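# here are the coordinates; sequence isn't available:
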């Protein structure tokens, strides 16, 4: 039977290296994706995911399993870190640019993904949060509400609004790309 | 079904990859804008899924290795800190024991007057300094007859002493270093020079009033 995040955390605090590794494998990729979509920068995403686990190791970490899940805590820390990084200024190479540089990949898919990344980056951060957590990380409304610190209804309405904006932006950007290709 | 409810429904259906229910199907058949929204939502969902797959990091093993090294370093630091606390606590405990022993269990430098059957102040003078010969061994006893109590500290410069007349039994005299006939069981009147530390520094046997000395 799979051990819960909280159980792995308790073992990790007692010095169990394997438990720490298992926790990283389970949550690390999702945290990095989340940070990537929220910051738009692969380097920032790597830094954020790394820092979340560093904070988890610390003896004075403020995680309390009575107040919420470990996963929720980790996403909360990642959100705050992304906010700090964004305050420092524009990222060096946004991920949509990285996709455009992939000349060996499938051009159509790469173009659509690049357009989606750009559209996501342009969303207001509250809407972006909802899309990243609910649609990219596939979290439930309740889990997303805990991470975002707002009611479930708010998460739902933000997500619906965000998807409408994304769909419209994506449609415009793909149309522009298509016209550029034909020209 | 109106467009507001239809929009909420179709977004959830698109997100979860479900087919719309009959009521929604009928609305979509009749409403162009909602049908357009439905198509856009489905396309968006497929792009988001592709984005999710494309975002899987390739360097997971490397990142994990770096973090595991950090984890090991943290454990080593924690162990060192725990050792330092243990050693500090042990050192404090040892120092406390030594300090307590030194302060509370001090070997007597000189006997107190507790061995006497009673303290009789026939007459006392205000504390004053006494000449060094008052603190000499028996064979060098000075004019006033005081003999230094063995192991008593020498007087400090300017230290004053008080004469206390008391009855001393053989045990008290022996503690003071005075040779006593072991068969004798009585008490003797003695004048004791008591220092500022409350301890006896010199003693003389006396049957008389304290007098000037």
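Happy to help now that I have it. Bear in mind that the values here come from a model prediction, so they are computed numbers and not experimental data.
# Please, which helix or strand holds the residue of chain A found nearest chain B?
As assessed by C-beta to the nearest C-beta, chain B sits closest to residue A:167 within chain A, at 3.9 Å. No exception for glycine: its C-beta is placed from N, CA and C like everyone else's. Element membership for residue A:167, per DSSP states H and E: helix A:152-182.
# Report the buried residues of that helix.
By neighbour count on 16 or more other C-beta atoms under 10 Å in any protein chain shown, the buried set for helix A:152-182 is A:154-156, A:158-167, A:169-171, A:173-174, A:177.
# For that helix, what is the distance to the chain centroid?
Centre-to-centre, helix A:152-182 and its host chain are 18 Å apart (C-alpha atoms, centre = their mean, to the nearest Å).
# Show me what that helix is packed against.
For helix A:152-182, the packing partners by 3 or more C-beta pairs under 8 Å, 6 or more residues apart in numbering or on different chains; DSSP states H and E come out as helix A:107-122, helix A:125-131, helix A:141-148, helix B:3-16, helix B:32-54.
# Please tabulate those in TSV and include mean neighbour count, distance to residue B:145 and mean pLDDT as additional columns.
Below are the helices and strands packed on helix A:152-182 laid out as TSV (neighbours: other C-beta atoms under 10 Å in any protein chain shown; distance: least, C-beta to C-beta, whole Å; pLDDT from 0 to 100):
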stretch	mean neighbour count	distance to residue B:145	mean pLDDT
helix A:107-122	20	107	78
helix A:125-131	21	100	92
helix A:141-148	20	94	89
helix B:3-16	17	113	90
helix B:32-54	17	108	87
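# Once you drop chain neighbours, what's closest to the residue of chain A closest to chain B?
Nearest non-adjacent residue to residue A:167, counting by C-beta to C-beta, 6 or more residues apart in numbering or on different chains: residue B:40, 3.9 Å away.
# Per the annotation, how does chain A divide into domains?
A:1-93, A:96-183 (automatic domain parsing).
# Out of those domains, flag the one nearest residue B:147.
domain A:1-93 (67.3 Å; C-beta to C-beta).
# for that closest one, the distance to its chain's centre please.
With C-alpha atoms, centre = their mean, you get 11 Å for domain A:1-93.
# Lowest average pLDDT across the domains of chain A?
Among the domains of chain A, domain A:96-183 has the lowest mean pLDDT, at a mean of 81.
# between the domains of chain A, which one is nearest to residue B:67?
Across the domains of chain A, closest to residue B:67 is domain A:1-93 (C-beta to C-beta), at 5.3 Å.
# ok, and does that closest one reach over to chain B?
Yes. Domain A:1-93 is in contact with chain B by C-beta under 8 Å from any C-beta of the partner chain, via A:12, A:15, A:17, A:20-21, A:24-25, A:28-29, A:32-33, A:36-37, A:46, A:49-50, A:53-54, A:57-59.
# Are any of those buried, and if so which?
Neighbour counting with 16+ other C-beta under 10 Å marks A:12, A:20-21, A:24, A:28-29, A:32-33, A:36-37, A:46, A:49-50, A:53, A:57 as buried within the residues of domain A:1-93 next to chain B.
# who touches residue A:55 in this structure?
Shown in contact with residue A:55 (C-beta atoms under 8 Å, 6 or more residues apart in numbering or on different chains): A:61, A:77.
# For it, pull up the helix or strand it's in.
In this assignment (DSSP H and E), residue A:55 forms part of helix A:42-57.
# How about residue B:203?
strand B:200-205.
# wait, residue A:154 sits on residue A:145?
Yes. Contact criterion C-beta atoms under 8 Å: residue A:154 and residue A:145 qualify, at 7.3 Å.
# neighbouring contacts of stretch B:89-100?
For stretch B:89-100, using C-beta under 8 Å, 6+ apart, there are no contacting residues.
# of the helices and strands packed on helix A:152-182, which approaches residue B:129 most closely?
Shortest distance between residue B:129 and the helices and strands packed on helix A:152-182, using C-beta to C-beta, is found for helix A:141-148: 84.2 Å.
# touching chain B at all, the closest one?
No. With C-beta under 8 Å from any C-beta as the criterion, chain B is not reached by helix A:141-148; the gap is at least 10.2 Å.
# how much does that helix deviate in direction from helix A:152-182?
Interaxial angle, helix A:141-148 versus helix A:152-182 (axes from the mean of the first three to the mean of the last three C-alpha atoms, to 10 degrees): 90 degrees.
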